[in-house]
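Enquirer: everything below, folded, please.
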Amino acid sequence: MIKTHSTFLLHRKIHTICFIMLITITAILYDIASLELPPSTILYQRQMLKFELLYQGILIIKITLMGWMTFLWVYSDYYNDYDVYLYVRDNPLKVRLAKWFVITAYTVFISVILTSILIGLLSVYPIPLSLSFVRSLVSKVVLFSMFYNTLYLLCSTWVRHISSVFVPLGLYFVGMILVDINNESKISENPANYIQLIAPDIVYLDNRIFFLFGHIVVVIVMVVLLQIVFHIFRQKDRL
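Expert: As a prediction, the model looks like this:
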């Protein structure tokens, strides 16, 4: 099942589009990271600049991944109907989960490449990134990809219309705009922050990478989303 999805979904055209996207984003990240500083620049200024470059780089990676996931789900659900025959021959839930697994694995692979490119480009600065920070960044970006692919799975399963695939993208941008991290001790007092429960964003603040309500909450919500997908298919089987 997974091999079938990989063969019909991740074909040469998709790989070509992905390669062009990676080259384009690499060029953008290189342009951001290649800013030359005069020798007289003090260490503090260099550090602040690197923090700003990291913020911009992480933002570009997140937006790129959201756009890429939207493209893959729209393409796989509405422009490449190879799985119509699979639904007839096999359990619809298995077919759907296999597609989710293939798209998620591919997106995670892309997210690791993009994060590695960003880290590599920023390594030219004399202020190295700690190993713990690199691990945290990679793990958060990977979890970010897994969560939103699960949200795409739920939305496209619940409402079989092309517009449903754009719901996660819209939620992400709304959550990114409304999030308030100026006072971490009062995060729960801002109602707008609760959208981060269903549309979590990676926050980069004070040289820390984190989700507003923690990565454990993100994992729990992702499991709940999968349970809802299971429930939807069970209800369809009863009809």
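Enquirer: list the contacts of Lys62.
Expert: Val141, Phe144, Tyr172, Asp201, Ile202 (Cβ atoms under 8 Å, 6 or more residues apart in numbering). Where you see a C-beta, it was placed from the backbone N, CA and C, and this is true even at glycine.
Enquirer: give me the distance between the spatially most central residue of the chain and Tyr106.
Expert: Centroid-nearest residue in the chain, with Cα atoms, centre = their mean: Ser145, separated by 3.2 Å. The spacing between Ser145 and Tyr106, counted by Cβ to Cβ, to the nearest Å, is 9 Å.
Enquirer: could you do Leu129 as well?
Expert: Distance from Leu129 to Tyr106, by Cβ to Cβ: 26 Å.
Enquirer: the two: which is more packed in?
Expert: Tyr106 (21 against 16; other Cβ atoms under 10 Å).
Enquirer: not counting its neighbours along the chain, what's nearest the more buried one?
Expert: Leu10 (6.1 Å; Cβ to Cβ, 6 or more residues apart in numbering).
Enquirer: tell me the phi and psi of that neighbour?
Expert: phi -100, psi 70 (degrees, to the nearest 10).
Enquirer: neighbours of it, how many?
Expert: Counted with other Cβ under 10 Å, the neighbours of Leu10 add up to 17.
Enquirer: tell me where the chain has helices.
Expert: 2-9, 12-33, 43-74, 84-89, 92-122, 131-158, 167-178, 215-238 (DSSP state H).
Enquirer: now tabulate the contacts of Lys62 in JSON lines and tack on distance to Glu52.
Expert: Shown next, in JSON lines, are those (distance: Cβ to Cβ, whole Å):
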{"residue": "Val141", "distance to Glu52": "19"}
{"residue": "Phe144", "distance to Glu52": "21"}
{"residue": "Tyr172", "distance to Glu52": "22"}
{"residue": "Asp201", "distance to Glu52": "18"}
{"residue": "Ile202", "distance to Glu52": "16"}
